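Asks: Take a look and give me a structure for this.
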Amino acid sequence: MVSDWYRSLGVSAHKTFLKAYHPQGYFVSVGPDLAGDPLHSFILHADGVGTKGILAYLWWKETGDEQVWYHLAQDALVMNTDDLACVGATENFVFSTTIARNPFFIPDDVVQALIQGIYAFADWLGKQGISAWVAGGETADMPDVVRTVSLEATAAVRIARDRLLPISRPDTELWIVGLGSFGQTTYEDAYNSGIGCNGITAIRHLLLHPMYKEKYPETVADELSDPYRGEYNLTQEVQGIPLGRLLTSPTRTYLPFLREAYAEYRRGIYAVIHCTGGGQRKALKYLPRTLIRKENFFPLSPLFALLENRRPWPELFEVLNMGHRLELYVLPTVAESLISLAQSYNLPAQVIGSAVPHDQPTRIEAVFRDTTWIWESEV
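Replies: Reported below is the predicted structural model:
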């Protein structure tokens, strides 16, 4: 459903060219144990911050705030840990990272801040009782390839097979419990806008003023004909918080909640979907022959509310998480317990819809603000 508009920005919401390599039966690919133990599996996963590094760069250039690089480090690691958590892995993570920069714009102290942020977040996980180890990584100066900075991470985990959480097609009606991406949980020290690391190119060009192209041409591809088409500047406040801080909020991890949820309610959970690339359409790739209805989305957080009337709702919900970045497909009997558990972390949670068996290819029917649309799988 995403129009040529999103493609014109040089990005893709669905990456259909990866279809042949899509994991089967799990949210990420699960492999045999490297030690040869049939009771364990080994998982290696990679993800990164995408163009959120450009937002970090803009905020840093405008304000000198180096804390943004620590947030970016968290982004890279959480995009991996929370993907892995969707298959049941909630501890014993090993990380490796790759930092590529243009040294004409990104000085050594920024690279140092990123590295410090990586180790700091791993230490923070440890303090939450979630074991994590940084195995090093790579830094590369690539001015001919990278305009500003790129941060990618790889995470590995060894997990007992009886702790794996496969994706099961519903054999009865399931309720979808959405976990909010915004607000401030008990384990966060500041308000989170909910932005995550997907759809950044879209939100950046929809909201920010054209002056940023003139001031920082290194943040824009020469091929873009109409970049930075909004009216906002980064220091402008949105409900008391500078827009730049909202745009660079670190990606929230759901690990503390999921670790406890799995311990108590695993048998009632059929699937966990991380709504990253593809936004609210993500489940279409994973649940076979299922009819999914999403009719009770969260109210828009202040950041996402800025997008109203800039693009049609179906496009925005297909590119951004728009309020919840994780959804659990569960038996109705455990839904309220999961919501209560989430609330104990001050984590927004609610039933956003349902899923039932379907004798046709998977279909998502979505409703928001009196707009109804449909996403359908090709198989």
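
Asks: Every contact and neighbour count from this point should use C-alpha atoms.
Replies: Noted.

Asks: pLDDT below threshold where in the protein?
Replies: By pLDDT under 70, the low-scoring segments of the chain are 1-5, 12-22.

Asks: which helices and strands sit right next to the strand or helix carrying residue 114?
Replies: Using DSSP states H and E, residue 114 falls within helix 108-127. Based on contacts counted as 3 or more Cα pairs under 8 Å, 6 or more residues apart in numbering; DSSP states H and E, the elements that helix 108-127 packs against are helix 67-85, strand 132-141.

Asks: Could you pull out the strands in the stretch 101-250 of the chain for me?
Replies: Per DSSP state E, counting those that start in this stretch, the stretch 101-250 of the chain has strands spanning 132-141, 149-160, 174-180, 237-238, 241-242. These are given in chain order.

Asks: contacting residues around the last one?
Replies: Residues lying outside strand 241-242 but in contact with it, judged by Cα atoms under 8 Å, 6 or more residues apart in numbering, are 234-236.

Asks: Please check those residues and keep the buried ones.
Replies: Those of the contacts of strand 241-242 that meet the buried threshold are residue 234, by 16 or more other Cα atoms under 10 Å.

Asks: tell me which of the contacts of strand 241-242 is nearest to residue 375?
Replies: In terms of Cα to Cα, no member of the contacts of strand 241-242 lies closer to residue 375 than residue 234, at 34.0 Å.

Asks: Neighbours of residue 293, how many?
Replies: Look at residue 293: counted by other Cα atoms under 10 Å, it has 19 neighbours.

Asks: so it sits in a strand?
Replies: Yes: remark: residue 293 belongs to a strand, assigned using DSSP: H, G, I helix; E, B strand; the rest coil.

Asks: Nearest spatial neighbour of it, chain-adjacent residues omitted?
Replies: If you skip the residues right next to it in sequence, residue 293 has residue 365 as its closest partner in space, 4.8 Å away by Cα to Cα, 6 or more residues apart in numbering.

Asks: The helix or strand containing the one you found pairs with which strands, parallel or anti?
Replies: Using DSSP H and E, the secondary-structure element containing residue 365 is strand 363-368. When sheet partners are counted by DSSP bridges, strand 363-368 sits next to strand 290-294 (parallel), strand 371-376 (antiparallel).

Asks: Please enumerate the helices of this protein.
Replies: Taking DSSP state H as the test, the helices found in the chain are 4-8, 52-63, 67-85, 108-127, 200-207, 211-215, 243-247, 255-265, 302-305, 313-319, 332-344.

Asks: Deepest in the core, which of the ones you listed is it.
Replies: Mean neighbours per residue, mean count of other Cα atoms under 10 Å, is largest over the helices of the chain for helix 67-85, with a mean of 25.

Asks: before we move on, back to that, what about the strands of the stretch 101-250 of the chain, which gets the closest to residue 305?
Replies: Judged by Cα to Cα, the one of those that comes nearest to residue 305 is strand 237-238, at 10.2 Å.

Asks: List the contacts of residue 280.
Replies: If you count contacts by Cα under 8 Å, 6+ apart, residue 280 has them with 317-321.

Asks: Distance of residue 360 relative to residue 215?
Replies: Using Cα to Cα, to the nearest Å, one gets 51 Å for the distance from residue 360 to residue 215.

Asks: With residue 27 instead?
Replies: Applying Cα to Cα, one obtains 41 Å for the distance of residue 27 from residue 215.

Asks: Confirm for me that residue 186 is in contact with residue 346.
Replies: Yes: because the distance of 5.8 Å satisfies Cα atoms under 8 Å, residue 186 is recorded as touching residue 346.

Asks: what residues are up against the spatially most central residue of the chain?
Replies: Centroid check for the chain by Cα atoms, centre = their mean gives residue 276 as the closest residue, at 4.1 Å. For residue 276, the contact set (Cα under 8 Å, 6+ apart) comprises 196-198, 282, 320-321, 325.

Asks: Those into JSON lines, with extra columns for neighbour count and distance to residue 62?
Replies: Putting the contacts of residue 276 into JSON lines (neighbours: other Cα atoms under 10 Å; distance: Cα to Cα, whole Å) gives the following:
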{"residue": "196", "neighbour count": "28", "distance to residue 62": "21"}
{"residue": "197", "neighbour count": "28", "distance to residue 62": "21"}
{"residue": "198", "neighbour count": "23", "distance to residue 62": "23"}
{"residue": "282", "neighbour count": "20", "distance to residue 62": "34"}
{"residue": "320", "neighbour count": "28", "distance to residue 62": "25"}
{"residue": "321", "neighbour count": "28", "distance to residue 62": "27"}
{"residue": "325", "neighbour count": "25", "distance to residue 62": "29"}
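
Asks: okay, those in JSON lines with distance to residue 47 next?
Replies: Written out in JSON lines, the entries for these read as follows (distance: Cα to Cα, whole Å):
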{"residue": "196", "distance to residue 47": "13"}
{"residue": "197", "distance to residue 47": "10"}
{"residue": "198", "distance to residue 47": "11"}
{"residue": "282", "distance to residue 47": "16"}
{"residue": "320", "distance to residue 47": "17"}
{"residue": "321", "distance to residue 47": "17"}
{"residue": "325", "distance to residue 47": "16"}
